[in-house]
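> just the structure for this:
(2 chains, ligands or ions: 2)
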Amino acid sequence: MTNLQTPPLDVAARAEGARKTYGKGENTVHALDGVTVDFKVGEFAAIMGPSGSGKSTLMHCLAGLDSLTEGRVIIDGTDLTGLSDKSLTTLRRDEIGFIFQAYNLVPTLTAEENIRLPLLLANRKGDEAWINRVIDAVGLRDRLHHKPSELSGGQQQRVAVARALASQPKIIFADEPTGNLDSRSGSEVLRFMRKVVDELDQTIVMVTHDPVAAAIADRIVFLADGKIVDEMRSPTAEKVLDRMKQFGN
Amino acid sequence: MWKVALKGIVARKGRLFLTSLAVILGTSFLSGTQIFSDTLNRTFDTLFAEVFADVNAYVRSSNVIETDFGAEERTLLPASIAEDVAKVEGVQSAIPQVQAYARIIGKDGEAIGSEGNGPPTFGAVMTENDVFWELLDGRAPANDTEVALDESSADAANYVVGDTVRISAKAGTRDFKLVGIAKYGGVSSPGGATFALFDLQTATEFLGTPGFIDAVLVVGDGSLSDRELADKITASLSSYKEIETLTGDEITKETQDQIGAVLDFFSIFLRIFAFIALGVATFVIYNVFSITAAQRMRESALLRAIGASRKQVTRALLIESAAVGLIGSAFGIVAGIGLSRGLKAMLQAFGVDLPSRGLVITGSAIVTTLVVGMIVTLIAGVFPARSAGKVPPIAAMRDSVSEVVTSRKSRFVFTVLCFVIGGASVIAVFAGAAAGILGLGVVAIFMGVLAIGPVTARPLAMLIGAPIQRLRGVTGTMARENAARNPKRTARTAAPVLIGVALVTAVTVLAASLRTEIRNLIGEQFKGDYAISVQTQGFGGLSPTLVDEVAKLSSVEQATSIGFATVKIADKGRFASVINPVTAAGLIDLEMIKGAQADLDADGVLVSEGQSEKLAVDIGDTVEAMLTDGSELELTVRGIFDNGTFTTGGFVVNRELFADRPTSQFDFAIYIVKKDGVSDESARAELGALVEQSGVGKLASRSEYIDDQAGQVNQLLGLVYGLLALSVIIAVVGIVITLLLSVFERRRELGLLRAVGMSRSQVRSSIRWESVITSLIGAVSGVILGIALGWVIVRALDDEGLKSYTLPIGGTIGILILSFMIGVIAAIYPARRATRMNVLESLSAS
Ligand SMILES: Nc1ncnc2c1ncn2[C@@H]1O[C@H](COP(=O)(O)OP(=O)(O)OP(=O)(O)O)[C@@H](O)[C@H]1O
Ligand SMILES: [Mg+2]
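Residues are numbered from 1 along each chain as shown, chains lettered A, B, ... in the order given. Ligands and ions are numbered 1, 2, ... in the order given. The predicted structure is shown next:
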């Protein structure tokens, strides 16, 4: 893969002039309307914005789940544009972790199998010490052999986080990971994510509607109508809430 | 509710198509067999109506011996009778008929037409201005060196007028000059039979008995009605004994009915397989309805929540089933037309060549298919519809589609009950009850196995999936878990495979046992070095003169023949085996229990143990007998032999019984011992030359002969396999449909897997192995059931002389490998669909 402008080494993910349009003619929707953004290694970034502003779309395109109409995405020095399905799959499996809002787990597999899923799919052993650390960190040691249906919603999300971490990906994308959780389990999951970034230099990009959740990040990127409209460093819940109110107007 | 039901149908075209597919496959075989037999019936009816169109009366002997399957052998008439008939007022011409076995030998030395299970090979009379035969080329045969052939035989062997044609018949094998090629009532060959045509004199001498004919065809001068003519002829023939005259219509009708009886037997045989296929399809339909009903549980619950009654929900689903049944059966009729052609091609491949003219689709075929299709679909739809009605409104809020296995206990009770009934009927049959009870028992056992399926499916899936999991890692784990996650569904999907595999296995076991039996029997009873044989054992065969020629050969020490003849014994027509006890000594061993084989004199009979018990006769007793020439006599029992020899009829008579009688009788095997000191090569060379000259028969060493005889079972086995194939195809389609519906149901899960890095080939692999596990669940249970079933049938046939139960290891492994392949094949399309799904769309699916 030759990249004309290789991003600096400390950039884990980059979108350049990212454009995504749905539909044709009058029904055209510009989900992303020229987004350029960098996520640095070891950064915990949050993406915020009103419903329909293109947050999920951006995240899907960054994670190689969807392709851009225009522009390009570079993950750890690799340009995703024009990659085959096979290479994209391998990239997702080995370099990217993903946490969805819900339905993160394969119901037929145990918690442990779900955590190891990317490794199992890659037929890799993985770093056993690391996996053990992750399992302990999410506090699931005594639930490893349970099926997802036997776990609470919070526990399920923690399994999903553990899965995203287990294969030591370059970057983790999380789309409203706490959206379906009560505030206690939510903050549990968030604190854990923060810990991973602080202690292990993990890169996380998270979409959220919750100012409290967003406040845990190092940086917040605000999207509106498919464009980046603002950025905030070292956020607090109050500052975020204030900024959000402006969108309302 | 009609509206809801109709909307449901329109909204789910894909699923409707899948469900209909099962109905289409199930009903197509039914309509296919019916169209096939209707067409065949009509073809023969028209043929005979055309053929006898010019015949006003038909004179024949009223003395007839009827044997099984509507076969009959009628006493011959003296040839002179034709002249007497011709003198009767109102008769324009009286044409003597002779029709008997004859085989036309092709240019390559091979006889034309199939031996044993094809249409018959005939020799007959042809005259100038023949009623039946219409010349296409040349002229009618006029002397004992000339022959004419039917068009399709001439075509098949590339014979043209002027060629020399070798023909084998009762009197031996001779060369004739081909002088004419003819058509039979508008077709090139009636029913695919081959015909060698001679002048009257030659026909009686070469084909039958000199001085005798079969019947007289009468063409009237038009002055009398057919009835009057027939009566007049009968009256004028009062000097002859046992003569009857039929009108043209009567003989047409009788011939049509006779062929119809054979065809009916044949259609019943086919229809058995059609109903098996339909039963298998019912399971598939039931399965599809159950899955879709479960997937629609939320919708049904929503309907209930907004005030629909249980009944209304159930009714909406039943209306849908009825619509599916109707549409599916309608397409099934269309598919049946194609299938009826396929059937014909398949039978042709197994040597059963049938004519067909046009396609006959009767109203009854259409109505039967529609009605049966509807009923079957409704039956399959009732339970899913009822359980849909039972869905509580609250289920609208849940999203699980898993069906729980309920009432394990009642399932166990039902299964045990079925097994008890099954076991009891098996024991009853072993103890001598009617074989029909066995059918009941088999059905009961099948039902028991199927009822317990949902309980055993999960453990079986885990067991069969274990090695796959070890081999395939996480995709294997998922395949195994997916096969086990919905045991009811898995059991229903595996059920058609189970039924198909069980039947195939049972048939394989039966065939293997038969082969062993034949090997043992021939091994014990046939002691020679070589055999010359034909496959036919009912009509024609080796000329009875051939054995004498063989005996004269310089390399032959001893030769004896075994043949058959129709004889009425104790008021029943039988195929009696005919031997020559003098030459048979040391060559044929009938395994006598009482008396000696050598004691069989000209008017003696040897009886099997079974027949001696049935007729309550012992050595020295006499039985009444009638030969086909009408002569009645008493045969003295000279010995009793062991059951289950290759003399299937249970009676053996002396060849001398038929000496100088106008009866037809052929050999089906000649057994030979070569002289000491003669090499195998020179004996074979000499015998081979004679066989080649004769044109019929196959020379084989002792071991080759045993192999050949045992191998004959394979042909029937092949046909049965072919007919069971459709059931197996339906089972495969059942797996395909289930997998498609499961893939659709699990699309979110698949999307997730793809998102976290499962490759397309891994998705394919996991679906493939799930399919293999499902198929093997059915196959393993089916093989076990089939082996048991085969054993029961073999045991039940013990009395008929089947004593060698053989477990075909290779065949069984083959069936399991095939089931494995079925799993792999069934997964191809669903796996493709699964990998084609858009990851994001799947993820957002509800
Ligand atoms: N498959 C699609 N087809 C057409 N339009 C789409 C599709 N997916 C998204 N959109 C549109 O693109 C825009 C951005 O959608 P996106 O899901 O990225 O929003 P979001 O910011 O994640 O919103 P939310 O906070 O509600 O999750 C929306 O206007 C949406 O309607
Ligand atoms: Mg979103």
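> for the helix-or-strand element of chain A with minimal mean pLDDT, packing partners?
Counting by mean pLDDT, DSSP states H and E, the weakest-scoring helix or strand in chain A turns out to be helix A:237-248, with a mean of 81. Where contact means 3 or more CB pairs under 8 Å, 6 or more residues apart in numbering or on different chains; DSSP states H and E, helix A:237-248 is packed against helix A:211-214, strand A:219-224, strand A:227-233. Any C-beta I mention is one placed from the backbone N, CA and C, and that applies to glycine too.
> mind redoing it with 6 Å?
With contacts taken as 3 or more CB pairs under 6 Å, 6 or more residues apart in numbering or on different chains; DSSP states H and E, helix A:237-248 sits against helix A:211-214.
> the residue lying closest to B:Glu134 once chain neighbours are set aside sits in which helix or strand?
Excluding the flanking residues, the one nearest B:Glu134 by CB to CB, 6 or more residues apart in numbering or on different chains is B:Lys183, at 4.8 Å. Element membership for B:Lys183, per DSSP states H and E: strand B:172-184.
> tell me how far the helix or strand following that strand is from the chain's mean position?
Using DSSP H and E, the helix or strand that follows strand B:172-184 in sequence is strand B:194-198. A distance of 28 Å separates the C-alpha centroid of strand B:194-198 from that of its chain, computed with CA atoms, centre = their mean, to the nearest Å.
> closest approach to chain B from chain A, which residue is it?
A:Arg93 (2.3 Å; CB to the nearest CB).
> ok, that residue - contacts?
Contacts of A:Arg93 were listed using CB atoms under 6 Å, 6 or more residues apart in numbering or on different chains, and they are A:118, A:121-122, B:757.
> now with 10 Å, please.
Going by CB atoms under 10 Å, 6 or more residues apart in numbering or on different chains, A:Arg93 touches A:117-119, A:121-122, A:124, A:167, A:169, B:754-759, B:762.
> narrow these to those that are buried.
The neighbour-count criterion (16 or more other CB atoms under 10 Å in any protein chain shown) marks A:117-119, A:121-122, A:167, A:169, B:754-759, B:762 among the contacts of A:Arg93 as buried.
> need the max-distance pair from those.
A:Pro169 and B:Gln762 (18.3 Å; CB to CB).
> could you report the neighbour count for B:Gly677?
6 (other CB atoms under 10 Å in any protein chain shown).
> and the pLDDT at it?
Listed pLDDT for B:Gly677 reads 86.
> got the phi and psi for it?
phi 90, psi -10 (degrees, to the nearest 10).
> and it, what does it touch?
With CB under 10 Å, 6+ apart, B:Gly677 has these contacts: B:Ser555.
> residue contacts, the residue nearest to the spatial centre of chain A?
Note on chain A: the residue nearest the mean C-alpha position is A:Phe173, at 1.0 Å, using CA atoms, centre = their mean. Contact analysis of A:Phe173 by CB under 10 Å, 6+ apart lists A:13, A:39, A:47, A:58-60, A:62-65, A:92, A:96-100, A:164, A:203-207, B:755.
> tally of neighbours for B:Ala834?
Neighbours of B:Ala834 using other CB under 10 Å come to 25.
> from B:Ile787, how far out is it?
Distance of B:Ala834 to B:Ile787, computed by CB to CB, to the nearest Å: 36 Å.
> how is chain B carved up into domains?
B:1-53+B:261-404, B:54-260, B:422-526+B:703-846, B:535-696 (automatic domain parsing).
> quick one: end-to-end length of stretch B:804-812, please.
Counting by CA to CA, to the nearest Å, you get 17 Å between the two ends of stretch B:804-812.
> is it true that A:Leu119 touches B:Val474?
Yes - contact criterion CB atoms under 10 Å: A:Leu119 and B:Val474 qualify, at 8.9 Å.
> tell me which residues of the strand or helix carrying B:Ala380 come out buried.
Using DSSP H and E, B:Ala380 sits within helix B:363-389. For helix B:363-389, the neighbour count (16+ other CB under 10 Å) marks B:365-366, B:368-370, B:372-374, B:376-378, B:380-382, B:384-385, B:387-389 as buried.
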